[in-house]
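Novice: my questions are about this predicted structure, shown below with the sequence.
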Amino acid sequence: MLEPLVSIVVVTYNSSQFVQETLDSIKEQTYKNIELIISDDCSKDDTIKICEEWLKENRCRFTNCQILTSLKNTGVVANCNRGYQASTGMWIKDVAGDDALYPEAIEKFIQFTIKNPQARIIHSRMHMYYNTLLSSNMEHKHLKLSKYLMDNQFVNPQKQFNLLCLVNEIGAVTVFMQRALYLDLGGFDEQIPMCEDWPMWLKTTKQGYPIYFLDDYTSKYRITTSSIMGKENKNYLFKRFYQTENHIYNKYIKKYARIDTKFFNRYDFYVRLSLEKIGLNKKNYLSKMIYYTLIFPFKIYYKALY
């Protein structure tokens, strides 16, 4: 049987410290019919030079390969769109320039699509690492997933949508998507420049496309202490992306979600925003006690339904 072409889109911005590790993990895929696209967002470091040198040695490994560059920094969402739009594969897997794939990742996704031909978008499990992708730096606490994001037998896009209105449990690094579906959905929303994944999952499920689940680890997600995410995790009790959250709520949730879902989305949002304003978004005993007490109704609602 002819193996479908898979486009792996590596999204980079000042990724010189880690991008070779990312590229090596793609070269080592057991699946062979791969198109490699590196989409760079006007890096100021040696990312492009490193990628060009790496391709001189490894170009023959891939069915197709190219490097896309930008004359100005446009943000992660526009950068993802450039890479996806340049792809020609039936399936697309994107990887940030500091993350990595396990060697059998693409092969496992393709095997899943053969067994589940109705699936157009799939997510999986991932391991989280701090700074280096060594087992000693791996986070051993597994991310919990709702039953509605794991049950392929009774997969329900409307219930997935309601869940995703409350919390984004799908890691972008774990997703495998048909290129045709990406085009049908109109690509990533560049009006929300700081977040490419959550609006896409909301669009996907709202339009009736279920997100299937591969119960296996395919990806390595790196959190660096110098990154925005790393600083947020280290210094704050909860993440501080209030403007982005509000934009997503107003565009994708407010008009379409159930009343109870909207209520608890806003409840969780304003609890965090209020604590932020009075200086209680900190990893200390007092902040944790107040936050977890206030957020308890949201947790009860979430656990009861999802």
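Specialist: All right, it came through fine. Numbering: from 1, shown residues only.

Novice: list of residues touching the lengthiest strand in the chain?
Specialist: Longest strand in the chain, counting residues (DSSP state E): strand 212-223. Outside of strand 212-223, the residues within contact range by C-beta atoms under 8 Å, 6 or more residues apart in numbering are 18, 25, 95, 98-102, 105, 108-109, 112, 116, 119, 121-131, 133, 145, 149-152, 155, 171, 173-174, 176, 229-230, 233. (Each C-beta comes from the backbone N, C-alpha and C, glycine too.)

Novice: convert the C-alpha atoms of stretch 193-212 to CSV, please.
Specialist: C-alpha atoms of stretch 193-212 as CSV (Å, rounded to 0.1, in the frame of the first residue of the first chain):
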residue,chain,number,x,y,z
PRO,A,193,-1.6,36.2,17.4
MET,A,194,-0.4,34.7,20.7
CYS,A,195,-2.4,31.4,20.5
GLU,A,196,-2.6,29.2,17.5
ASP,A,197,-4.0,26.0,19.0
TRP,A,198,-7.0,26.6,21.3
PRO,A,199,-9.1,28.6,18.7
MET,A,200,-8.4,25.9,16.1
TRP,A,201,-9.7,23.1,18.4
LEU,A,202,-12.8,25.2,19.1
LYS,A,203,-13.4,25.8,15.4
THR,A,204,-12.8,22.1,14.7
THR,A,205,-15.3,20.7,17.2
LYS,A,206,-17.9,23.5,16.7
GLN,A,207,-18.1,22.7,13.0
GLY,A,208,-18.7,19.0,13.9
TYR,A,209,-15.3,17.4,13.4
PRO,A,210,-14.4,15.1,16.3
ILE,A,211,-10.9,15.0,17.6
TYR,A,212,-9.7,11.4,18.0
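
Novice: tell me which residues of that stretch come out buried.
Specialist: Across stretch 193-212, burial judged by 16 or more other C-beta atoms under 10 Å covers 193, 195-206, 209-212.

Novice: lowest-scoring secondary structure element of the protein by mean pLDDT?
Specialist: Within the chain, no helix or strand scores below helix 228-235, which has a mean of 62 by mean pLDDT, DSSP states H and E.

Novice: following element in sequence after it, please.
Specialist: Next in sequence after helix 228-235, counting helices and strands by DSSP states H and E, comes helix 242-248.

Novice: where does this protein dip in pLDDT?
Specialist: 1, 140-142, 225-234 (pLDDT under 70).

Novice: show me how the record splits this structure into domains.
Specialist: 6-229, 236-305 (automatic domain parsing).

Novice: return the most buried member of those.
Specialist: domain 6-229 (a mean of 18; mean count of other C-beta atoms under 10 Å).

Novice: so for residue 77, what's the nearest residue that isn't a sequence neighbour?
Specialist: residue 196 (4.4 Å; C-beta to C-beta, 6 or more residues apart in numbering).
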